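Asks: no sequence for this one, just the structure:
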């Protein structure tokens, strides 16, 4: 079956399921830390998850032609499903971080045990100790999943950047002549797009933790999986470059809140994108701004593929310089609008 047909099926199913989730009416009530002012259905990300797994399973995308990789692949898919379940439960019950974090660590350790981790020679020209590679993999998985979840705060933002980033990864895989996972990326992109039609601009429904934890884990785990020789041998540095602004925003916000001795795990409205919306920018304008940033990061990630591996860490430098200037501009705008006072 063609990639276009798979995509159309996934898109249609996701769109229908998103409409059904609106009818289910699991409501997000606005609060003083919310970016919305009226009660709005949430957990629309369940449509992404269900469409992805239903279409992938029906068309045999959870099987691989080489057995050595099957355990790693199926363990990753199983953990992704459990992350979605955890997110859906959180949407219903609003669990504390004391409950969520240990489960996230356990699920991350499960795929690491299945062989999905940063190889000792994957970051530099010298080998890291295995224990350090495993620790970095755990920090990456848990850290990125939560960063993606933190950044899912306005209409269209995380759904749109997920589509852009998955498209870039598919192009990179094609560059490396590795097309085995192309159907998976087609289904992922189309499933997310089906949800986005009712989330971006119209804001009929929110993604919820079920969607943000699922997409965050898919991206974080694929960043490790695709560095393996049997899954494409993509440089790991590609992925921090592709998602740099999310990683920077989350890290900066955690540091700022930590310096003020605030609980870094509680909900707030201090991310850079939130400062823009509080300064008068519409959700659509902020989302489009971040789409542009992700396209630029994606182009940089594509350029990396033609450069010797030894120089890949240096591609983070232009991202960092841009992010610093961007954050200074956002702080200036927020200060002028009296959103922040220092």
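Replies: Looks like it arrived, so ask away. For clarity, every value in this text was computed on a predicted model and none was experimentally measured.
Asks: can you tell me the closest non-neighbouring residue to the most centrally placed residue in the chain?
Replies: Geometric centre of the chain, nearest residue: residue 216, 3.3 Å, by Cα atoms, centre = their mean. Leaving aside its sequence neighbours, residue 216 sits nearest to residue 148 (Cβ to Cβ, 6 or more residues apart in numbering; 3.1 Å). Quick note: C-beta positions are derived from backbone N, CA and C, even for glycine.
Asks: for residue 311, see how far away the one you found is.
Replies: 27 Å (Cβ to Cβ, to the nearest Å).
Asks: those two: who's more crowded?
Replies: Taking other Cβ atoms under 10 Å, residue 148 and residue 311 do not tie; residue 148 has more neighbours (26 against 10).
Asks: show me the contacts for residue 54.
Replies: Counting by Cβ atoms under 8 Å, 6 or more residues apart in numbering, residue 54 touches residue 13.
Asks: next SSE after the one helix or strand it maps to?
Replies: Secondary structure assignment for residue 54, by DSSP states H and E: helix 45-58. Using DSSP H and E, the helix or strand that follows helix 45-58 towards the C-terminus is helix 70-93.
Asks: can you point out the buried residues in that next one?
Replies: Counting neighbours by 16 or more other Cβ atoms under 10 Å, one finds that the buried residues in helix 70-93 are 72-73, 75-77, 79-91.
Asks: angle of it against helix 45-58?
Replies: Calculated by axes from the mean of the first three to the mean of the last three Cα atoms, to 10 degrees, helix 70-93 forms an angle of 150 degrees with helix 45-58.
Asks: shift numbering so it begins at 468
Replies: Will do, 468 is the new start, and the previous item becomes helix 537-560.
Asks: packing partners of whichever helix or strand comes after helix 537-560?
Replies: Remark: after helix 537-560, the chain's next helix or strand is helix 564-580, criterion DSSP H and E. Helix 564-580 sits against helix 537-560, helix 597-618, helix 675-692, with contacts defined as 3 or more Cβ pairs under 8 Å, 6 or more residues apart in numbering; DSSP states H and E.
Asks: make a markdown table out of those and add distance to residue 479 and mean pLDDT.
Replies: As requested, these are arranged in a markdown table below (distance: least, Cβ to Cβ, whole Å; pLDDT from 0 to 100):
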| stretch | distance to residue 479 | mean pLDDT |
| --- | --- | --- |
| helix 537-560 | 20 | 93 |
| helix 597-618 | 26 | 95 |
| helix 675-692 | 18 | 96 |
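Asks: for these, which one sits closest to residue 713?
Replies: helix 597-618 (5.2 Å; Cβ to Cβ).
Asks: check which residues of the closest one are buried.
Replies: For helix 597-618, using 16+ other Cβ under 10 Å, the buried residues are 600-601, 603-605, 607-618.
Asks: and it, how far from the chain's centre?
Replies: 12 Å (Cα atoms, centre = their mean, to the nearest Å).
Asks: stretch 668-675 now?
Replies: With Cα atoms, centre = their mean as the basis, the mean position of stretch 668-675 lies at 17 Å from the chain mean.
Asks: ok, residues contacting that stretch?
Replies: 485, 488-489, 493, 495, 503, 507-513, 515, 554-555, 558, 619, 622-623, 625-626, 662, 665-666, 750-751.
Asks: quick one: mean pLDDT for stretch 512-531?
Replies: Averaged across stretch 512-531, the pLDDT comes to 90.
Asks: now do it: distance to the chain's middle.
Replies: 18 Å.
Asks: hmm, the residue nearest to residue 683 is touching residue 714, no?
Replies: No: using Cβ atoms under 8 Å, residue 615 is not in contact with residue 714; the gap is 9.7 Å.
Asks: who touches the residue nearest to residue 774 when sequence neighbours are not counted in this structure?
Replies: Once flanking residues are discounted, residue 774 sits nearest to residue 782: 7.7 Å by Cβ to Cβ, 6+ apart. With contact set as Cβ under 8 Å, 6+ apart, residue 782 has these partners: 704, 708, 767, 768, 770, 771, 774.
Asks: before we move on, back to that, what are the buried residues along the helix holding residue 521?
Replies: 512, 513, 514, 515, 516, 517, 518, 519, 520, 521, 522, 523.
Asks: before we move on, what about stretch 741-756?
Replies: For stretch 741-756, by 16+ other Cβ under 10 Å, it's 741, 742, 743, 744, 745, 746, 748, 750, 753, 754, 755, 756.
Asks: can you tell me the closest non-neighbouring residue to residue 555?
Replies: Going by Cβ to Cβ, 6+ apart, residue 555 has residue 677 as its nearest residue, at 4.0 Å.
Asks: before I go, just wanted to say thanks for your time.
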